[in-house]
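Enquirer: Let me see the structure of the following:
(one chain, ligands or ions: 1)
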Amino acid sequence: MEKKNIDWANLGFGYRVTDVRYVSNYRNDAWDEGVLTGDATIQLNECAGILQYCQEIFEGLKAYTTEDGRIVTFRPDLNAERMADSARRLEMPPFPKERFLDAIDKVVTANAAWVPPYGSGATLYIRPYMFASSPVIGVKPAEEYQFRVFVTPVGPYFKGGAKPLTLCVSDFDRAAPHGTGHIKAGLNYAMSLHAGVTAHANGFDENLFLDPATRTYVEETGGANFLFVDKNGTIITPKSESILPSITRRSLVTVARDILGLEVQERPVKLEELKDFAECGLCGTAAVISPVGKVVDHGRDICFASGMEEMGPVIKKLYDTLTGIQMGRVDGPEGWVRTIL
Ligand SMILES: Cc1ncc(COP(=O)(O)O)c(C=O)c1O
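Expert: Coordinates of the predicted model:
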């Protein structure tokens, strides 16, 4: 199949309209059969629930080409489950898991020419999302919803190597205790924009958000979970009810325990402990793991032993193993890689 004529290695992380997307509508208490369409626009009533009360959820995953030329996705079943959890929390009708997986397969297949080749570093980003499409003026759940999936090619996350990031401890909270921090709802990201713009304006790459109740425990950044390595090589990752259950972080925990034989602790992590850790990374679909070199807490620098030049050795091993599984170079647990084409 002929690929699109794109300079894959120099693609950024931006939206580019592709050929086909999937749409299914929920009306009269049921999802319709769904269609693929070439129309990238949406027409909505001015009073649609998404526009008035922000009833929207989404997911993010990738399709890519493996070493042996297959087009695959990584653990899309977990995206389906997390999206169903998000739907229940926002009083929306979950989209059935098998149909979610089928919709992704169909959109990726129809846009196969947009899936970057193996070795380019680029991937096809997949964005499933769902929103309230019928009018609501009193505050309540809408009666009608639309589920859609589009794809867009994105460039390599680390152009010219993974340089460690500098984070700042944020004065803003990302999520409330017993709020919506554990689901993937657009409203969480709207809330984080001001904190993100402020951090960038102050010269930081990302925010480190603390637990909003006591402001003593590490939660996550605006778009990734934390993973630390202590001086004994033990992996430590924060446990909290108000962080997003990252699929990358959960996969890395399995890789660390079952493949690399490392000790892993999933527990609340105090900000005060960070100075004792040797390595720090951010886990998410976008980069798998981004190394962190330094956290700045109101003028106090907390530096990790791995430094500001390269990934620490344990994080590098985790990164190489998980990306090896994803790209078909390393055998991983049964069912992690779903072959589409
Ligand atoms: C707030 C937040 N935390 C963590 C993650 C990482 O999750 P995943 O590994 O499933 O991409 C994301 C990205 O989806 C996110 O938005």
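
Enquirer: May I ask you to name the longest helix in this structure?
Expert: Counting by DSSP state H, the longest helix found in the chain is helix 186-201.

Enquirer: List the strands paired with whichever helix or strand comes after that helix, with their directions.
Expert: Counting by DSSP states H and E, the next helix or strand C-terminal to helix 186-201 is strand 206-208. Counting by DSSP bridges, the strands paired with strand 206-208 are strand 165-169 (parallel).

Enquirer: Residues of the chain that sit close to the ligand?
Expert: Residues of the chain lying near the ligand by CB under 6 Å from any ligand atom: 60, 220, 223-225, 244, 246-249, 283-285. For glycine as for every other residue, the C-beta is placed from the backbone atoms N, C-alpha and C.

Enquirer: Give me the subset of these lying in helices.
Expert: 247-249.

Enquirer: got those residues as a markdown table, with pLDDT columns?
Expert: Below are these laid out as a markdown table (pLDDT from 0 to 100):
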| residue | pLDDT |
| --- | --- |
| I247 | 98 |
| T248 | 98 |
| R249 | 98 |
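
Enquirer: Closest one to N111 out of those, please.
Expert: Distance to N111 across these (CB to CB) is lowest for I247, with 21.9 Å.

Enquirer: Neighbours of the closest one, how many?
Expert: 23 (other CB atoms under 10 Å).

Enquirer: now G161
Expert: Around G161 there are 8 residues (other CB under 10 Å).

Enquirer: for K317, same thing?
Expert: When neighbours are defined as other CB under 10 Å, K317 has 18 of them.

Enquirer: With T152 instead?
Expert: T152: 17 neighbours (other CB under 10 Å).

Enquirer: Now it: which helix or strand?
Expert: strand 145-154.

Enquirer: mind saving the C-alpha coords of that strand as PDB?
Expert: Listed next in PDB are the C-alpha coordinates belonging to strand 145-154 (Å, rounded to 0.1, in the frame of the first residue of the first chain):
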ATOM      1  CA  TYR A 145     -24.400  11.400  22.600                       C
ATOM      2  CA  GLN A 146     -21.900  11.000  19.800                       C
ATOM      3  CA  PHE A 147     -18.900   8.600  19.900                       C
ATOM      4  CA  ARG A 148     -16.200   9.300  17.300                       C
ATOM      5  CA  VAL A 149     -12.700   8.100  16.500                       C
ATOM      6  CA  PHE A 150     -10.200  10.100  14.400                       C
ATOM      7  CA  VAL A 151      -6.500   9.600  13.700                       C
ATOM      8  CA  THR A 152      -3.700  11.900  13.000                       C
ATOM      9  CA  PRO A 153       0.000  11.200  12.300                       C
ATOM     10  CA  VAL A 154       2.400  12.500  14.900                       C
END
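
Enquirer: Make 42 the starting number, not 1.
Expert: Done: numbering now begins at 42, and the last item shifts to strand 186-195.

Enquirer: counting contacts, what elements does it pack onto?
Expert: strand 62-68, helix 138-151, strand 164-173 (3 or more CB pairs under 8 Å, 6 or more residues apart in numbering; DSSP states H and E).

Enquirer: What's the separation between D246 and the ligand?
Expert: Using CB to the nearest ligand atom, to the nearest Å, D246 is found at 15 Å from the ligand.
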